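Undergrad: Structure of the sequence below:
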Amino acid sequence: MPLPLVLIGLGAGSAVLGVGKGIKAAIDQKDAKETQEKAQELVDRSTTMINSSRKHCGDALNRLGEQKIDTLESSIKQFIAAFEKLHNVDFANSAGLDELQNFVIDKQDLDELKAMQSTAASLLGGVASGAAIGAITAFGAYSAAMAFGAASTGTAIATLSGVAATNATLAFLGGGSLAVGGLGMAGGAAVLGGLVAGPALAVMGFIVGGKASANKDRAHSNLAEAEKYKEEMQTAIVACNGIRRRADMFTRLLLRLGSYFDPLIYQLQQIIETSGTDYSTFSPEQKKTVAAAMATAGAIKAVLDTPILNEDGELTKESGQIPGSITAFLESHEEA
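TA: This next block holds a predicted model:
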């Protein structure tokens, strides 16, 4: 074969091969682009969903914290002021004591309620001045003792301000693993209003003009990471929703207790005004009113003492049990 024909044949073959590679590169680049867009959409949608769940959960905890403070600053404050005026209080032979036994309080309990009320007043002052932002949410998440207890810095969480309060709260939550249903630090941040941690990767666009096959591999790797991120955020969303429902339940409990407690406090004040402060001279009906008011204060204290979350960021077992006890208490007395 003449040499020129051989060269022409080789050139034609190279051209076909080049066209084939170009088509493959174009297909790979299109696949990479579509896969990358899918990965980004997954991340964006998952982030939007967890941000929404986080906000609703944080709002619920904040409402509970505000309700706890309101209860301490109104009903509990008035009850303590009236109850401390009484002398010779002895429920040993009082009618109805058996049914109140679960929530009977002693002097130590009363002192703890006074301490809670005092700290709640200080917390309100801090919030009014902008110095305790985030602390009310912590008060909603934990028991009063935990929220007002010392953080790792040795300072009470509820007295810290802004980011410091949130960070101390997150540190208190600990590192519950998403894999076992815990929130972990990222979940704690999600609940308490911090930024949700993004996936391990930052879903980045591939380099325009880069090698098509490499872009395709990178895009599929990003998609796998985006799927993993979606699963983790779904776990966190379930946890956030569970906490939100529990917090709302506690808020409703405190409101219901308050609607029963406030008339009792008024009756107690009227008894003192008309019959004095010597409990031993009260009529059986008056003694029953005092006992009912005291037991209701004990029921409220039980709610305040029960944390929603434990140190691993998980819902506590106690917070699932206390509503039943409080509901039974209220139903028995509202019917009486």
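Undergrad: Report pLDDT for A336.
TA: Note on A336: pLDDT of 57.
Undergrad: now the helices: where do they sit in the stretch 151-300 of the chain?
TA: Taking DSSP state H, counting those that start in this stretch as the criterion, the stretch 151-300 of the chain contains helices spanning 162-173, 184-192, 212-275, 284-305.
Undergrad: Just list what the longest one packs against, helices and strands only.
TA: Read that as helix 212-275. helix 3-71, helix 77-83, helix 135-141, helix 184-192, helix 284-305, helix 317-335 (3 or more C-beta pairs under 8 Å, 6 or more residues apart in numbering; DSSP states H and E). All C-beta spots, glycine's among them, are computed from the backbone N, C-alpha and C.
Undergrad: what's the angle from the first one to helix 212-275?
TA: For the pair helix 3-71 and helix 212-275, the angle between their directions (axes from the mean of the first three to the mean of the last three C-alpha atoms, to 10 degrees) equals 0 degrees.
Undergrad: packing partners for helix 3-71?
TA: Applying 3+ C-beta pairs under 8 Å, 6+ apart, we find helix 3-71 packed against helix 107-128, helix 135-141, helix 184-192, helix 212-275, helix 284-305.
Undergrad: could you give me the average pLDDT of that helix?
TA: 73.
Undergrad: Now do that helix against helix 107-128, angle only.
TA: Using the same axes, to 10 degrees: helix 3-71 against helix 107-128 is 120 degrees.
Undergrad: can you check the fifth one too?
TA: Helix 284-305 and helix 107-128 are oriented at 60 degrees to each other (the same axes, to 10 degrees).
Undergrad: which of the helices and strands packed on helix 212-275 is buried the deepest?
TA: helix 135-141 (a mean of 28; mean count of other C-beta atoms under 10 Å).
Undergrad: Which strands and helices lie in contact with it?
TA: helix 3-71, helix 107-128, helix 144-147, helix 162-173, helix 184-192, helix 212-275.
Undergrad: that older thread, take the helices and strands packed on helix 212-275 and lay them out in a markdown table including distance to S221.
TA: Formatted as a markdown table, these follow (distance: least, C-beta to C-beta, whole Å):
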| stretch | distance to S221 |
| --- | --- |
| helix 3-71 | 9 |
| helix 77-83 | 60 |
| helix 135-141 | 37 |
| helix 184-192 | 21 |
| helix 284-305 | 49 |
| helix 317-335 | 41 |
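Undergrad: To I272, which of the ones you listed lies closest?
TA: Set against I272 and scored by C-beta to C-beta, the helices and strands packed on helix 212-275 come closest in helix 77-83, at 6.2 Å.
Undergrad: Just the C-alphas of the closest one, formatted as CSV.
TA: Extracted C-alpha coordinates of helix 77-83, given in CSV (Å, rounded to 0.1, in the frame of the first residue of the first chain):
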residue,chain,number,x,y,z
LYS,A,77,-44.1,33.1,94.9
GLN,A,78,-47.6,33.8,96.2
PHE,A,79,-47.9,30.3,97.8
ILE,A,80,-44.6,30.6,99.7
ALA,A,81,-45.6,34.1,101.0
ALA,A,82,-48.9,32.8,102.3
PHE,A,83,-47.7,29.3,103.5
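Undergrad: Pull the residues that contact it.
TA: Applying C-beta atoms under 8 Å, 6 or more residues apart in numbering, the external contacts of helix 77-83 come out as 110, 113-114, 117, 261, 265, 268-269, 272, 290, 293-294, 297.
Undergrad: same check, this time on stretch 280-300
TA: The contact list for stretch 280-300, computed with C-beta under 8 Å, 6+ apart, reads 71, 75-76, 79, 83, 86-91, 94-97, 100, 102-105, 109, 113, 254, 257-258, 260-261, 264-265, 267-268, 271, 275, 279, 326, 329-330, 333.
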